[in-house]
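Engineer: just the structure for this:
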Amino acid sequence: MLLHLVGFLSQISADDPLIGQARWLVVPHVNPDGAIRNSKWIDHPVETYDSCGKSDFAYNPLTYVESVARELPGDDIEFGFPRDKNDQKARPENRAVANFLSGGAPYDLHASFHGMGFAPGPWFLLEPSWIDRTVKMRENLRARVQRMRLPLFDIDRKGDKGFSRIDEGFSTRPDSRAMARHFIERGDPKMAEEFRPSSMEFICSLGGDPLTLVSEMPLFLLESSPSDPAAPKFRPGTEGKNQVHSLIQAQIASQGPEEARRPASPPGIRAMPIRDQMRLQLAFLNEALDVVSQERSGRHQ
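Structural biologist: Model prediction:
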């Protein structure tokens, strides 16, 4: 989505309001090494149809589970930004992005676009201090998701790791201090020490009153009421993710890896079309741009 966005911005007229009224600093890809490690499933999408009934592509959940690589805390890019200017132990990618973004401070908006493996629907995360200023934004996004005939991922984690439910489909964004506290309370202080500031926290440290947001767009949708009565009922959160992985790994083991790579999803799991993922990522960005534009106009009156 970000690569397409950069291409779009590079082609529009210099007097277009998108260019004239906003300065864009975009990092299209923070972790190319991670993409290479995940190329076995990223580079082999399967044919499907999007929410408009047009031909599109999606990912194969069997290939995904078989070959996905996720970096652990300490290497994780999102929670790896420098603690200060002298933090040379942060990943070089994080230090490079931090230096790049520092030149544009302060910010009105910072968006970190993520995907997640399996969920009932999209999940939108927001800066806590902007809850009261994003009511209309949330209403618009919910309506957009409903028009695509999708549910929202709606979970109340009660502040765990910084996630507090705002309303349907929306939560506060995660926080490195809350992440660390989670592992300290579990008796794992070594893991807690691995968490550095997130990109959102880093942007906030540069000053101003930025709206920070994180998208969590599922690669695979878990149907809460699947048409197949034999389909499993997936539990929410991490338990559901582990349940899905176990189910698919069992299918791979029973079929063999070659047969399992065929584009067929287990009952209750539906691959989300890539174009629909990008539509909702862009809708999140568009709504956020409207909010900060109105906020800035109000400050200048």
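Engineer: where's residue 62, which helix or strand?
Structural biologist: In the assignment (DSSP states H and E), residue 62 maps to helix 61-67.
Engineer: quick one: contacts of the helix or strand just after that helix?
Structural biologist: Per DSSP H and E, the first helix or strand lying C-terminal to helix 61-67 is helix 92-102. With C-beta atoms under 8 Å, 6 or more residues apart in numbering as the test, helix 92-102 has contacts from 25, 27, 30-31, 77, 80-82, 87-88, 90, 107, 196, 199, 202-203, 206. The C-beta positions use only the backbone N, C-alpha and C, and glycine is treated the same way.
Engineer: could you identify the buried members of the residues you listed?
Structural biologist: 30, 31, 77, 80, 81, 82, 90, 107, 196, 199, 202, 203 (16 or more other C-beta atoms under 10 Å).
Engineer: what's the most distant pair in those residues?
Structural biologist: Comparing all pairs in the buried ones among the contacts of helix 92-102 by C-beta to C-beta, the longest separation belongs to 31 and 107, at 21.3 Å.
Engineer: quick check on residue 111: phi, psi?
Structural biologist: phi -120, psi 130 (degrees, to the nearest 10).
Engineer: now do the closest residue to it other than its chain neighbours against residue 171, distance only.
Structural biologist: Once flanking residues are discounted, residue 111 sits nearest to residue 213: 5.2 Å by C-beta to C-beta, 6 or more residues apart in numbering. Distance from residue 213 to residue 171, counting by C-beta to C-beta, to the nearest Å: 11 Å.
Engineer: mind checking what secondary structure residue 121 has?
Structural biologist: Using DSSP: H, G, I helix; E, B strand; the rest coil, the three-state assignment for residue 121 comes out as coil.
Engineer: quick check: closest non-adjacent residue to it.
Structural biologist: With sequence-adjacent residues excluded and distances taken as C-beta to C-beta, 6+ apart, residue 121 is closest to residue 151, at 4.2 Å.
Engineer: helices along the stretch 101-250 of the chain, start to end?
Structural biologist: 135-147, 176-185, 189-192, 199-205, 237-255 (DSSP state H, counting those that start in this stretch).
Engineer: residue 112 contacts residue 200, correct?
Structural biologist: Yes - between residue 112 and residue 200 a contact is recorded at 6.4 Å, counting by C-beta atoms under 8 Å.
Engineer: tell me which of those two has more neighbours.
Structural biologist: residue 200 (26 against 18; other C-beta atoms under 10 Å).
Engineer: now for that one: which residues touch it?
Structural biologist: With C-beta under 8 Å, 6+ apart, residue 200 has these contacts: 110, 112, 127, 173, 212, 213, 214.
Engineer: same list (those) but as CSV, adding distance to residue 11 and pLDDT.
Structural biologist: What follows is the contacts of residue 200, written out as CSV (distance: C-beta to C-beta, whole Å; pLDDT from 0 to 100):
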residue, distance to residue 11, pLDDT
110, 24, 98
112, 25, 96
127, 31, 97
173, 32, 95
212, 28, 98
213, 25, 97
214, 28, 97
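Engineer: against residue 120, how distant is the residue nearest to residue 121?
Structural biologist: Counting by C-beta to C-beta, the gap from residue 151 to residue 120 is 5 Å.
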